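Engineer: give me a model of this one.
(one chain, ligands or ions: 1)
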Amino acid sequence: MYIQNPEYKKIAFSMIAQIEQFKIVKNEKFNICLQTISNAIINPLKISYIKKEKILKLIEHANITITEPTPEQRNKYYNACTLRKFANHYFLTDGITPEQLTAFNDIVKQATAAANLLLPKTLHILDAEHIPQIYNHKYNNERNKEPFTIGKIEGLYIGEKSDINASCMQGKPAKYFELYTDLNEEESTLKMAILTQGNEIVARALVWIDKAVTDIDRRKKQHPRHFYIDRIYTKTQEHRAETQTQLYNDLIKHFNIETNSNYFLPDGEEPTNKIHLPPCYNRYDIVKKIEAQQNTIKQIVFSNSCPFDVELSSYSYNYYPYADTFQNFDTNNQTISSDQSRGSEMLRLENTNGDAEASSIECEHCGYDIDEDNSIYIEEDEISVCEDCATYCEDRENYILTDNAIYNSHSGQHHHRDDLDI
Ligand SMILES: [Zn+2]
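Structural biologist: From the prediction side, this is the model:
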């Protein structure tokens, strides 16, 4: 259904007024009825207008008087074009100075961008195979400038002045994200959610699902604990929480996630008074808005931590992405998790250069970083320490703290100070 958007009209009027300030002359031949300009029916980015002579002709020959056009009249008698084309008609730009031309172009560009912001934001769910392509795209990267297509969504782009474009992994080689396309699909699923406005990607987030790909049937109610909505990147700081909230809510609808915890209770169990929301990285940014929408006296359970690990198909990759949540790759069992436990089999996905770091531990005596492989356990003190802090004691046939070791140059052995009569 078509509605006239007064904001769009304001943008058009403001564009005209700003151009007039640069003393660019109006084209008298383009004599239109300014009062009834509006967003077009066929394309909300285009402007709909009618010439005054056409209004007169309609009165004269068809006995039709247009004051406030109905959508039908607008559709039938009005023209539609882009704001740029409209500005080119409305003003005489032949022979204007280069300064005037620059100002003219800037004003039209800003008006077009402002009109874009009026468009609704639409959710799309992409399969993991497209994640490298999305991350690889960067506006100011020469090879990546062109809009791209994913399935039926054509002409996708990420704006130059978008915070998504500034994210640390944006524009990185597609091969860095190989891991995201290699989940064990019998255990876990990864999707990417994007919000588009026009064709611009204005928000993106990874959606982790603790279910086999083939088990996700959106006709059935889904359990909130099977989902984790990772960090939601947005185009601008402005209205960030609103955009994040929309993406979060749209996801709940899209995946048919049931938030009433009683739904999943086994028969005969006492009903609870709880709402369970899928956990989300940005919980603290959106919780107030989400709670206000729920408008309930029930207890809302909403966490920012992921309740599950994700299994991969390999124990090693050539490249690794920086991960916001799943920063720990356990190469023994091929899982990534948010678990902070350290060890030689753990890799930390904390680098933006395609590498992963071996996870090291600190010496519990001197505090220096050491690989777990090189740490020595001191039974007496129940701590793991570095090689410098540990000394082998022949008497005890065990390692002791170097601080407690006293060297006997006669025997060439170390003794524990407690064992000596000094
Ligand atoms: Zn040490």
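Engineer: pull up the residues of the chain that are close to the ion.
Structural biologist: 363, 365-366, 385-386, 389 (C-beta under 5 Å from the ion). C-beta: built from backbone N, CA, C; applies to glycine.
Engineer: make it 8 Å
Structural biologist: 363-368, 370, 385-390 (C-beta under 8 Å from the ion).
Engineer: for those residues, point out the one with the lowest pLDDT.
Structural biologist: By pLDDT, I370 ranks lowest within those, coming in at 78.
Engineer: is that residue bridged to anything, and to what?
Structural biologist: Beta-bridge pairing of I370 under DSSP bridges involves I361.
Engineer: what sits against the residue in the stretch 1-150 of the chain that the ion sits nearest to?
Structural biologist: Closest contact between the stretch 1-150 of the chain and the ion, by C-beta to the ion, is at Y135 (39.9 Å). Going by C-beta atoms under 8 Å, 6 or more residues apart in numbering, Y135 touches 169-172, 174, 176-177, 321.
Engineer: try it again at 10 Å.
Structural biologist: Residues near Y135 by C-beta atoms under 10 Å, 6 or more residues apart in numbering: 164, 167, 169-174, 176-177, 180, 192, 204, 321.
Engineer: the helices in this structure, which residues?
Structural biologist: Under the criterion DSSP state H, the chain carries helices at the ranges 6-21, 52-62, 71-77, 83-90, 98-116, 131-136, 163-166, 240-254, 283-294.
Engineer: what is the nearest of the contacts of Y135 to the ion?
Structural biologist: Closest to the ion, out of all of the contacts of Y135 and judged by C-beta to the ion, is P321, at 32.9 Å.
Engineer: how about the contacts made by that closest one?
Structural biologist: 131-132, 135, 169, 172, 176-180, 349, 351-352, 354, 356.
Engineer: top of these by number of neighbours, please.
Structural biologist: L179 (25 neighbours; other C-beta atoms under 10 Å).
Engineer: ok, and the closest non-adjacent residue to that one?
Structural biologist: In space, and not counting its chain neighbours, L179 is closest to Y317: 5.2 Å by C-beta to C-beta, 6 or more residues apart in numbering.
Engineer: what of K175?
Structural biologist: In this structure, K175 finds its nearest non-sequential neighbour in Y319, 5.2 Å apart by C-beta to C-beta, 6+ apart.
Engineer: again with N260
Structural biologist: Spatially, and ignoring its direct neighbours in sequence, N260 is nearest to I275 (6.6 Å; C-beta to C-beta, 6+ apart).
Engineer: does the one you found touch E291 like I think?
Structural biologist: Yes. Using C-beta atoms under 10 Å, I275 is in contact with E291, at 9.4 Å.
Engineer: neighbour count winner among the two?
Structural biologist: I275 (19 against 14).
Engineer: what ranges in the stretch 301-422 of the chain fall below the confidence cut-off?
Structural biologist: The model of the stretch 301-422 of the chain has pLDDT under 70 over residues 342, 344, 372, 422.
Engineer: all strands for it, in order.
Structural biologist: Assigned by DSSP state E, counting those that start in this stretch, the strands in the stretch 301-422 of the chain fall at 310-311, 328-330, 335-337, 346-348, 357-358, 361-362, 369-370, 376-378, 383-385, 390-393, 398-401, 405-408, 413-416.
Engineer: in its sheet, what does the third one sit against?
Structural biologist: Taking DSSP bridges as the criterion, strand 335-337 pairs within the sheet with strand 310-311 (antiparallel), strand 328-330 (antiparallel).
Engineer: mind putting the ones you listed into CSV with distance to R219 and mean neighbour count?
Structural biologist: Shown next, in CSV, are the strands paired with strand 335-337 (distance: least, C-beta to C-beta, whole Å; neighbours: other C-beta atoms under 10 Å):
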stretch, distance to R219, mean neighbour count
strand 310-311, 25, 20
strand 328-330, 34, 22
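Engineer: who's in contact with the spatially closest residue to Q299 that is not a sequence neighbour?
Structural biologist: In this structure, Q299 finds its nearest non-sequential neighbour in K274, 4.9 Å apart by C-beta to C-beta, 6+ apart. By C-beta under 10 Å, 6+ apart, the contact list for K274 reads 259-262, 296, 298-301.
Engineer: can you tell me how far K274 is from N249?
Structural biologist: Counting by C-beta to C-beta, to the nearest Å, the gap from K274 to N249 is 19 Å.
Engineer: F13 now?
Structural biologist: With distances taken as C-beta to C-beta, F13 is found 34 Å from N249.
Engineer: ok, now Q237?
Structural biologist: From Q237 across to N249, the span is 20 Å (C-beta to C-beta).
Engineer: could you do H61 as well?
Structural biologist: Per C-beta to C-beta, H61 is found 52 Å from N249.
Engineer: which one of those two is surrounded by more residues?
Structural biologist: Neighbours were counted for H61 and for N249 using other C-beta under 10 Å; N249 has more, 15 against 8.
Engineer: circling back: contacts only, for the residue nearest to L179.
Structural biologist: 175-179, 182, 329, 331, 347, 349, 354, 356.
Engineer: count of neighbours near A62?
Structural biologist: A62 has 9 neighbouring residues, counting by other C-beta under 10 Å.
Engineer: which ones are touching it?
Structural biologist: Counting by C-beta under 10 Å, 6+ apart, A62 touches Y77.
Engineer: is N140 in contact with Y157, as I believe?
Structural biologist: No. Using C-beta under 10 Å, N140 is not in contact with Y157; the gap is 12.0 Å.
Engineer: common neighbours of those two, please.
Structural biologist: N165.
Engineer: more crowded one of the two?
Structural biologist: With neighbours defined as other C-beta under 10 Å, N140 and Y157 compare such that Y157 has more, 19 against 9.
Engineer: ok, that one - contacts?
Structural biologist: The contact partners of Y157, by C-beta under 10 Å, 6+ apart, come to 137, 139, 144-148, 165, 196, 198-201.
Engineer: ok, now N256?
Structural biologist: Here N256 is in contact with 216-222 (criterion: C-beta under 10 Å, 6+ apart).
Engineer: for those residues, which one is nearest T97?
Structural biologist: Among the contacts of N256, R218 lies closest to T97 (C-beta to C-beta), at 58.6 Å.
Engineer: for the ion, give me its nearest residue in the stretch 151-300 of the chain.
Structural biologist: Nearest residue of the stretch 151-300 of the chain to the ion, counting by C-beta to the ion: C168, 33.1 Å away.
Engineer: and that residue, how many neighbours?
Structural biologist: By the measure other C-beta under 10 Å, the count of residues near C168 is 10.
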